[in-house]
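In: quick check, what structure comes out for this input:
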Amino acid sequence: MGSRLRRQSTISGGFSPPSGEAEEEDGGVIQWPFGRLDTLGQDEIKETAYELFFACSRSSSVASGLRGAAARHSIDGAEAAAKAGSSASTSSAMSRVKEVLGLKARPAASIRTTLATSAATLPLPGKAKQRSMTSAEIMRMQMGFEEQTDFRLRKILMRFLVGQVSKQVESIILPLEFLRHLKPTEFSDIHEYHRWQRRQLKVLEAGLLLHPSLPSDRLYSAGLRFREILTTSEFRPIDTSKHSEVMRSLCNCIMALAWCHQSVAAVEECHWADGFPLNVHLYLCLLRSIFDIKEETVVLEEVDELLELIKRTWTTLGINKMIHEVCFTWIFFEQYIMTGLVEPDLMHATLAMLDEVAIDAMKPDKEPSYTRVLIPTMTSLKVWAEKQLLDYHECFEKDSVTTMESVLCLALSTAKIMIEISSYGSPGMIFKDFRNFSTKIHVDQYIRSSLKSAFTKLHENGNGKIDSMVVEVDEDPNDTLINLMEEIEKLASVEKENYSPLLKRWHPVPAAVAAVTLHRCFGAVLNQHMYKFSCLSNESVKVLQTAANLERLLIQMAMEDSAGSEDGGKEILSEIASYGVDTILFNLLKHWVDDRLRIGRECVNRARDSESWNPMSKSEPYAESGIDLLKLAKVTVDEFFEIEGAAKTELAQDLAVGLDTLFKDYSMFAASCGSKESYVLAHPPLTRCNQDSRVAQFWKKAAAPCNAGVVAIDPSSFPIPRAAHTSGDAHRHTASRTTQRLYVRLNTLHHILALLQSFEKSFAATSYSPPFSHFDGARSSINTVILHVVEVAAYRLIFLDSAHFFYDSLYLGSVVGARIDAALRAMTHNMAHLATVLSERALATIQPVVMRATLEAFLMVLLAGGPGRAFARGDYDMVAKDLACLKRMFSPACGEEVVSEAAAMADGVVALMAMPTEKLVEEFSIAACEARGLGRSLERVPMPAATGKWHRADPYTMLRVLCHRNDDVANRFLKRTFQLPKRR
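Out: Okay, here's the model as predicted:
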């Protein structure tokens with residue numbers, strides 16, 4: 001048995017306290033079953049028991065010596081004869097009683113030692129004769145009395161047997177005879193005598209008044225008189241002389257009480273010490289003498305002789321064989337407990353005696369005196385054994401399973417005896433199969449109770465840290481629960497390996513019961529812990545996964561143990577209510593996904609209200625709202641795929657769809673930046689150059705007719721915007737803050753688009769999702785929005801931010817005085833600025849669009865430049881050179897092929913400017929008629945419709961060239977054909 005159980009037993013103390021009260025102290029070891037003796041203490045009971053033993057064991061020898069029937073022998077000679085008569089038994093190898101009870105013989109020498117006889121009896125003076133101890137002397141030594149006590153008792157015995165040689169000791173009231181024949185002068189002082197006298201009176205009180213063998217009338221006159229004498233004796237000794245009135249009254253009272261229930265019988269017996277529990281208290285004091293006082297776990301080899309002497313007290317004490325066997329069972333068990341549960345032989349002797357008790361318990365017509373002793377004794381044994389078994393993990397360590405087996409046999413044996421008693425004599429019930437006796441129910445109860453207790457200790461004491469008195473304040477409850485599950489696995493393993501093989505003898509599926517009990521206990525804790533899971537976290541997932549592993553282990557343990565049972569384990573397995581970890585994890589994961597998507601929607605909504613599209617930093621030229629959304633998405637995806645479990649199979653697609661929607665919503669928010677059309681100027685109405693206008697007048701004053709264009713012009717003569725005058729040449733980029741915010745949108749969208757690829761890989765790399773693209777919707781939406789934002793940013797940069805370098809100043813007044821040099825410098829700075837603030841992908845997207853916007857702005861100047869611009873055929877070379885410079889500027893960024901392709905339209909328009917007016921009019925007329933389906937009739941040239949696209953073969957484009965051609969041919973043609981008004 002484990003050290004803990006031994007410590008408890010040691011603390012408990014004796015089992016027969018002076019008051020006889022229950023022995024259930026802090027350790028709760030055992031309960032005293034034989035009632036209370038409030039008036040007698042431990043020592044008083046022992047002294048009385050020895051006096052009774054002495055009188056019963058030696059009265060026959062003394063009486064025979066007084067009668068002279070055996071005159072050759074003195075009392076010592078009788079004792080020697082008794083010793084000689086027992087020599088045969090002691091010479092045997094082992095005591096019969098010890099052999100029957102399975103007690104091992106001790107190699108130590110017998111307790112019999114040599115004693116020196118009195119010198120007066122020696123045959124030779126000065127020589128000491130040695131002799132062996134008699135059984136009576138062993139008894140005296142075991143009970144702790146001196147030879148002086150024997151001498152005094154021997155004298156008293158001889159006195160009161162004089163003249164009563166025909167009386168049996170059973171008919172003598174020993175305390176009364178002691179009071180009559182022992183005088184105060186035989187004691188050292190009056191106080192000693194008073195104590196002795198009070199003890200004798202209290203013994204009579206206990207046997208005749210408090211615990212009589214049969215109930216008596218409390219108002220019986222003899223009893224009332226005896227109580228008066230008892231009261232008187234409390235303060236001083238009563239007079240016990242021969243002629244004392246008090247002594248005479250006492251004798252009358254005692255005799256009346258002791259013989260009041262005596263019926264007419266051949267043998268006279270008085271009743272003064274056979275009432276329960278006085279008789280059992282006295283008898284147990286005698287039985288305890290069989291244990292060696294020097295080695296308390298050892299039963300003396302002389303036990304047979306001692307028991308024969310003790311049996312002589314049966315008649316006086318009202319003891320019979322059946323009661324003796326119950327008391328004998330008790331003293332072995334009591335000694336086992338008192339000695340710290342270290343001697344298994346004592347428990348084996350207890351179990352052997354229980355077999356005899358069980359046989360007696362089956363007998364019909366059991367006497368009430370027997371059941372009064374049997375029932376409390378069996379109850380006490382059963383309560384003690386079950387207390388250990390109901391917490392056997394605490395009481396029995398791994399190396400003490402053998403002791404547990406004995407305790408289990410004790411519990412089941414006493415339980416069967418109790419059932420036999422309650423059945424009022426149902427022969428054969430005890431010896432039926434254990435299952436019929438419901439042994440399974442008892443063992444089942446022990447398993448469940450002990451495991452619940454062990455689980456409670458694990459849970460309450462820091463998951464196995466029983467000796468730890470320090471609790472970490474900041475300890476994570478999830479870690480605590482995981483530690484608890486680890487300890488439960490160890491506990492289940494210990495149960496399966498150490499205890500279940502033993503319990504299998506009495507229960508068909510002990511390991512399965514243990515597994516079910518642990519499963520249920522932890523299930524209750526897990527359910528309480530689940531209320532703390534407000535949302536999914538790595539810690540909560542780990543707890544659930546560990547719980548699932550524990551559940552699988554316990555179910556496997558139950559299935560393995562119950563595989564060979566009659567029902568295949570259906571009954572026991574039906575008690576397992578699954579933790580539902582998969583369902584819990586699915587619900588938590590779904591709630592977690594919904595919560596993350598809700599946060600994402602809040603992020604998008606917050607961006608709509610507060611996003612200013614300022615870059616976070618130079619290294620991160622992205623909008624803060626976009627970065628927040630991406631961080632949320634990345635953390636969500638990473639944490640989602642770190643979670644293990646089948647729940648992801650169904651929720652991966654939900655998460656992907658939710659993220660796809662979030663990114664589409666955000667891209668639509670980013671697209672709310674206007675349109676490029678809002679920055680492109682409307683085409684001015686068609687007019688023809690006026691020969692009397694200031695431009696025409698200038699032409700007349702200009703240089704030689706061979707000059708290519710206007711040489712000089714006063715800018716103040718034309719309504720040029722203020723910006724064109726004040727800005728001069730561009731020394732920095734022209735992008736406004738609003739345009740730069742569009743760059744931030746562009747960077748952010750490209751950044752999101754790039755990270756979508758990594759998200760896609762995360763979903764594709766797992767087997768939880770089907771093999772298809774999850775973010776096609778977001779990708780398509782973002783690409784569309786990128787194109788839209790690029791166009792808005794490019795057209796705003798050119799048509800609004802750089803308008804004073806193009807529409808507001810280029811070729812305004814004259815070609816030669818307003819060349820494209822300033823615009824080229826401004827665009828060079830703009831392109832450099834784009835390369836600085838935009839990401840590589842964003843830059844590659846916007847550069848071609850900026851080029852197209854610039855070319856479109858250049859064509860707007862040529863074809864829809866308003867009244868401030870007029871071109872002659874001679875301007876072609878300068879315009880062509882400016883266009884070539886413009887193309888060269890974009891070639892490094894966009895590539896020559898791309899630039900050539902994009903500038904083909906502008907090249908064609910500039911080529912129209914080089915054509916003679918007559919040729920241009922002719923081609924325009926043909927193109928306009930063919931566009932209307934009139935063929936080449938040229939009878940009436942229709943007004944061409946505006947196509948919105950500038951092209952060399954487009955009649956509307958040709959018409960715009962003619963409108964800006966400042967010569968007579970063009971002027972007359974436009975007036976004659978379309979009645980276009982003159983410019984003002």
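
In: list the buried residues in the helix or strand in which A822 is found.
Out: Element membership of A822 [criterion: DSSP states H and E] is helix 821-837. Neighbour counts using 16 or more other Cβ atoms under 10 Å place 822-827, 829-831, 833-834, 837 of helix 821-837 among the buried residues. From N, CA and C alone the C-beta is placed, and that goes for glycine too.

In: what's the answer for stretch 961-974, then?
Out: When burial is assessed from 16+ other Cβ under 10 Å, stretch 961-974 yields the following buried residues: 961-967, 970-971, 973-974.

In: which one among the buried residues of helix 821-837 gets closest to L756?
Out: Distances from L756 to those, taken as Cβ to Cβ, are shortest for V837 (22.6 Å).

In: contact partners for the residue lying closest to that closest one once chain neighbours are set aside?
Out: Nearest residue to V837, sequence neighbours excluded (Cβ to Cβ, 6 or more residues apart in numbering): Y743, at 5.2 Å. Neighbour list for Y743: 621, 735, 793, 834, 837-838, 842 [criterion: Cβ atoms under 8 Å, 6 or more residues apart in numbering].

In: the helices in the stretch 551-700 of the chain, which residues?
Out: In the stretch 551-700 of the chain, the segments counted as helices under DSSP state H, counting those that start in this stretch are 570-573, 581-610, 624-642, 647-670, 694-701.

In: ok, R737 - how many residues close by?
Out: Neighbour count of R737, defined by other Cβ atoms under 10 Å: 8.

In: what's the closest of the helices of the stretch 551-700 of the chain to A818?
Out: Comparison of these against A818 by Cβ to Cβ identifies helix 694-701 as nearest, at 13.2 Å.

In: could I get the average pLDDT for that closest one?
Out: Taken as a whole, helix 694-701 has a mean pLDDT of 47.

In: centroid residue for this protein?
Out: With the centre of the chain defined as its mean C-alpha position, the nearest residue by Cα atoms, centre = their mean is L481, 2.2 Å away.

In: touching, that residue and V525? I think so.
Out: Yes - applying Cβ atoms under 8 Å, one finds L481 in contact with V525, separated by 7.3 Å.

In: neighbours around H733, how many?
Out: By other Cβ under 10 Å, the residues close to H733 number 22.

In: check which helix or strand covers the residue nearest to V837.
Out: Here Y743 sits within helix 737-764, counting by DSSP H and E.

In: list the buried residues for the next helix or strand after that helix?
Out: Counting by DSSP H and E, the next helix or strand C-terminal to helix 737-764 is helix 776-796. Applying a neighbour-count criterion of 16+ other Cβ under 10 Å, the buried positions in helix 776-796 are 778-779, 781-782, 785-786, 788-796.

In: coming back round to it: distance between the helix or strand encompassing the residue nearest to the centre of the chain and the chain's centre?
Out: Using DSSP H and E, the element containing L481 is helix 477-494. A distance of 7 Å separates the centroid of the chain from that of helix 477-494, by Cα atoms, centre = their mean, to the nearest Å.

In: V850 touches M831, doesn't it?
Out: Yes - between V850 and M831 a contact is recorded at 7.3 Å, counting by Cβ under 8 Å.

In: all strands of the stretch 51-200 of the chain, in order?
Out: Here the stretch 51-200 of the chain has its strands, by DSSP state E, counting those that start in this stretch, at 114-116, 130-132.

In: worst mean pLDDT among those?
Out: Comparing these by mean pLDDT, the weakest confidence falls on strand 114-116, with a mean of 46.

In: care to break the protein down by domain?
Out: Domain ranges of the chain: 42-103+133-319, 321-432, 450-579, per automatic domain parsing.

In: got the ones you listed as TSV, with mean pLDDT columns?
Out: Formatted as TSV, the entries for the domains of the chain read as follows, by pLDDT from 0 to 100:
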stretch	mean pLDDT
domain 42-103+133-319	80
domain 321-432	88
domain 450-579	85
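
In: dump the ones you listed into CSV; add distance to A764 as well.
Out: Shown next, in CSV, are the domains of the chain (distance: least, Cβ to Cβ, whole Å):
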stretch, distance to A764
domain 42-103+133-319, 76
domain 321-432, 51
domain 450-579, 23
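
In: deepest of the ones you listed, which one?
Out: domain 321-432 (a mean of 19; mean count of other Cβ atoms under 10 Å).

In: which residues touch stretch 381-390?
Out: Counting by Cβ under 8 Å, 6+ apart, residues outside stretch 381-390 touching it are 5, 28-31, 329-330, 333, 337, 350, 395-396, 404, 407-408, 410-411, 414-415, 418, 445-446, 449-450, 453.

In: show me what contacts the residue nearest to T439 when sequence neighbours are not counted?
Out: Excluding its sequence neighbours, the residue lying closest to T439 (Cβ to Cβ, 6+ apart) is W506, at 4.9 Å. W506 sits next to 408, 412, 434, 439-440, 442-443 when contact means Cβ under 8 Å, 6+ apart.

In: out of those residues, which sit inside helices?
Out: Judged by DSSP state H, helices contain the following of the contacts of W506: 408, 412, 439-440, 442-443.

In: going by distance to T546, which of those residues wins?
Out: For these, the minimum distance to T546 (Cβ to Cβ) is 30.6 Å, reached by V443.

In: what sits against that closest one?
Out: For V443, the contacting residues are 408, 503, 506-507, 510, by Cβ under 8 Å, 6+ apart.

In: next one: phi and psi at the nearest residue to E560 once chain neighbours are set aside?
Out: Nearest in space to E560, with sequence neighbours left out and distances taken as Cβ to Cβ, 6+ apart, is A511 at 7.5 Å. Note on A511: backbone dihedrals following degrees, to the nearest 10 are phi -70, psi -40.

In: what sits against A511?
Out: By Cβ under 8 Å, 6+ apart, the contact list for A511 reads 495-496, 500, 557-558, 560-561.

In: so how far is R952 from the residue nearest to A870 when sequence neighbours are not counted?
Out: Once flanking residues are discounted, A870 sits nearest to N966: 4.0 Å by Cβ to Cβ, 6+ apart. Using Cβ to Cβ, to the nearest Å, N966 is found at 21 Å from R952.

In: kindly report the same for V383.
Out: As defined by Cβ to Cβ, V383 lies at a distance of 115 Å from R952.

In: equivalent analysis for L742, please.
Out: Distance of L742 to R952, given as Cβ to Cβ: 33 Å.

In: wait, the residue nearest to A870 sits on R873?
Out: No - at 9.6 Å, N966 does not count as touching R873 under the criterion of Cβ under 8 Å.

In: what about the domains of the chain, which gets the closest to K648?
Out: Among the domains of the chain, domain 450-579 comes nearest to K648, with 10.8 Å by Cβ to Cβ.

In: can you get me the start-to-end distance on that closest one?
Out: Distances were taken as Cα to Cα, to the nearest Å; on that basis the terminal residues of domain 450-579 are 23 Å apart.

In: may I have stretch 612-622 exported as PDB, CA atoms only?
Out: Taking only C-alpha atoms (Å, rounded to 0.1, in the frame of the first residue of the first chain), the coordinates of stretch 612-622 have been written out as PDB:
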ATOM      1  CA  SER A 612      -7.600  60.800 -48.100                       C
ATOM      2  CA  TRP A 613      -5.400  58.700 -50.500                       C
ATOM      3  CA  ASN A 614      -2.200  60.100 -49.100                       C
ATOM      4  CA  PRO A 615       0.800  57.700 -49.200                       C
ATOM      5  CA  MET A 616       1.800  56.100 -46.000                       C
ATOM      6  CA  SER A 617       5.500  56.700 -46.600                       C
ATOM      7  CA  LYS A 618       8.000  57.000 -49.400                       C
ATOM      8  CA  SER A 619       8.700  53.300 -49.000                       C
ATOM      9  CA  GLU A 620       5.000  52.400 -48.900                       C
ATOM     10  CA  PRO A 621       3.300  54.700 -51.400                       C
ATOM     11  CA  TYR A 622      -0.100  53.000 -50.700                       C
END
